[in-house]
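Student: I'll drop the sequence and a predicted model, then ask my questions.
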Amino acid sequence: MTIPMTVVDTIFKALAPAIPDRVIAGHFADLGNATMFGFVPDEGRMIITSTGPIGGGWGAKKTEDGVSATVCINDGDTHNSPVELMETKYPIVYERYGLVPDSGGAGTFRGGLGSQLAVRLRKDLNFSTRIERMLCPPWGLEGGQDGFGNLVELDMVGVDNPKMVNAKVFTARLKAGDLFRVRGGGGGAFGPAWQRPAEKVQEDVRQGYVTLESAKANYGVLLDPGTLEIDHEETGKLRAQLAAAA
């Protein structure tokens, strides 16, 4: 089901120069499923389950920010089970499930944010992923920046093995206490980031969608770390520099 998702937004990219008002920037283009399976001797049962789809960021368009933490409409036959249900039925613990700041591309209209989950195993199990678009991040359009790509990381007890470069075809044996993270990528942005109204950037920071560092570096908006008030004079200078460098 990933193939139609990557094909469709690639067609949008090709059409963007001709009909920029009718296309969106690139999106995370995957379900982000992580599968756990194996026999648990002390429970006397075989386990086969997955974390379900990881919501990712949709690309922005000419008049609107991208949607955050969503799943493609053609994937309506998938299910996102409640964390409490998964922890009751299977020997796992969800340590994090939330949006990823700065994962949406910076632009006049910001890309949607991806989400990330972190799951720790309570029993030894096999772990498998089949995830696209790790090395080809969701692209921006008309000067908008790319979003974060999809990502898989392992935190294995006693082993330094952080990022899985080829999570498209990846399997590992994890032990009790090991943790895996799966991140749905963000959407690409539309238009230059320095043209986004400073007040919108300020609100993005308030909501936790954009960090103070990104607001300054990518959007050219300087905010007071304590009050988040806009330094209009310095912001004007930063934005002029970004515009000159574009």
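Tutor: Cool, got the structure.

Student: Identify all contacting residues around the host helix or strand of R239.
Tutor: Under the criterion of DSSP states H and E, R239 resides in helix 232-245. Residues from elsewhere that reach helix 232-245, judged by Cβ atoms under 8 Å, 6 or more residues apart in numbering: P192, A193, W194, A198, K216, G220, V221, L222. C-beta here means a position set from N, CA and C on the backbone, and glycine is covered the same way.

Student: if I've got this straight, the third one is in a helix?
Tutor: I take that to be W194. Yes - membership of W194 in a helix is supported by DSSP: H, G, I helix; E, B strand; the rest coil.

Student: Next, count neighbours for it.
Tutor: 25 (other Cβ atoms under 10 Å).

Student: Adjust the sequence numbering to begin at 482 for everything that follows.
Tutor: Got it, first residue is 482 now, which makes that one W675.

Student: circling back: give me the buried entries from the contacts of helix 713-726.
Tutor: Neighbour-count burial within these applies to P673, A674, W675, A679, K697, G701, V702, L703; the criterion is 16 or more other Cβ atoms under 10 Å.

Student: Residue ranges in this protein under the pLDDT threshold?
Tutor: 482-485, 553-560, 639-648 (pLDDT under 70).

Student: And it, what are its domain boundaries?
Tutor: The chain is divided into the following domains under automatic domain parsing: 483-672, 675-727.

Student: any idea how far the shortest one is from the chain center?
Tutor: Centroid separation for domain 675-727 versus its chain: 22 Å, with Cα atoms, centre = their mean, to the nearest Å.

Student: ok, now the first one?
Tutor: The offset between the C-alpha centroid of domain 483-672 and the centroid of the whole chain comes to 6 Å, using Cα atoms, centre = their mean.

Student: measure L704 to T716 for me?
Tutor: Distance, L704 to T716, using Cβ to Cβ, to the nearest Å: 9 Å.
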